[in-house]
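Participant: Next input, structure requested:
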Amino acid sequence: MATAALPADAIMQAETYYLPPTPRRGQTAQDWSQVPGAELLYRWVESRFGWRVQVPTAFVPDDPGLYARIDDGRWVAECICGNAWVVSVLDPRFGCASCRRDWVPLIVPDDIAAAEAEALALDRRFWFHPDDPRNPARPEQPEPPAEPEEPQP
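Facilitator: Residues are numbered from 1 along each chain as shown. Below is the predicted model of the structure:
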């Protein structure tokens, strides 16, 4: 991957992570510039691992979606099968090349630049959506007050 061209203050996403393979001598480079960000994963696993995985054509009905998070400087989402993939916050769809799941909505922050700035201020560059149930810093939900016990005669 040619990630050295990224500025030090960049958070990597699918468009900068899933790049075409380096062409062999005498061959022309592949052009993936017109591939939507969420679909780059499928091109990448085919060229990198030789997997023949179809790009999803439909969304999983009634799926609430998955939260995107910044994990060590990369936007990722974790599938229900346990695999995590680098995602595109500009193309908020998530599909899994491992379990071949259809598209589900990708939940991204309203202010992507603010989330990236918050992550860049940290040494390891992590950020979780405040509503993500996997957020380790998620505020505890207050327990409802207990009903007073009736006195025993």
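
Participant: quick one: the strands in the chain?
Facilitator: With strands called from DSSP state E, the chain shows them at 66-67, 69-71, 74-78, 84-86, 93-96, 101-107.

Participant: With Phe59 as the reference, name the closest of the ones you listed.
Facilitator: strand 101-107 (4.6 Å; CB to CB). To be clear about C-beta, it is placed using only N, CA and C from the backbone, and glycine gets the same treatment.

Participant: Now do that closest one: distance to the chain's middle.
Facilitator: Counting by CA atoms, centre = their mean, to the nearest Å, strand 101-107 is centred 10 Å from the centre of its parent chain.

Participant: mind listing the helices in this structure by residue range?
Facilitator: Assigned by DSSP state H, the helices in the chain fall at 14-17, 40-49, 112-120.

Participant: Quick check: beta-bridge partners of Arg74?
Facilitator: Counting by DSSP bridges, Arg74 forms beta bridges with Met12, Asp71.

Participant: thought it was touching Glu15?
Facilitator: No: here Arg74 lies out of contact with Glu15, judged by CB atoms under 8 Å, at a distance of 11.8 Å.

Participant: Could you count how many residues lie near Leu122?
Facilitator: One way to gauge burial is a neighbour count; for Leu122, by other CB atoms under 10 Å, it gives 11.

Participant: what's the answer for the one 10 residues further on, then?
Facilitator: Close neighbours of Asp132, defined as other CB under 10 Å, add up to 15.

Participant: That one contacts Ile70, correct?
Facilitator: No: counting by CB under 8 Å, Ile70 is not a contact partner of Asp132; they are 11.3 Å apart.

Participant: Just say which of the helices of the chain is most tucked in.
Facilitator: Comparing those by mean neighbour count (mean count of other CB atoms under 10 Å), helix 14-17 comes out on top with a mean of 21.

Participant: Which other helices and strands does it contact?
Facilitator: helix 40-49 (3 or more CB pairs under 8 Å, 6 or more residues apart in numbering; DSSP states H and E).

Participant: go with 10 Å
Facilitator: Under the contact criterion of 3 or more CB pairs under 10 Å, 6 or more residues apart in numbering; DSSP states H and E, the helices and strands touching helix 14-17 comprise helix 40-49, strand 74-78, strand 84-86.

Participant: All good on my end, thank you.
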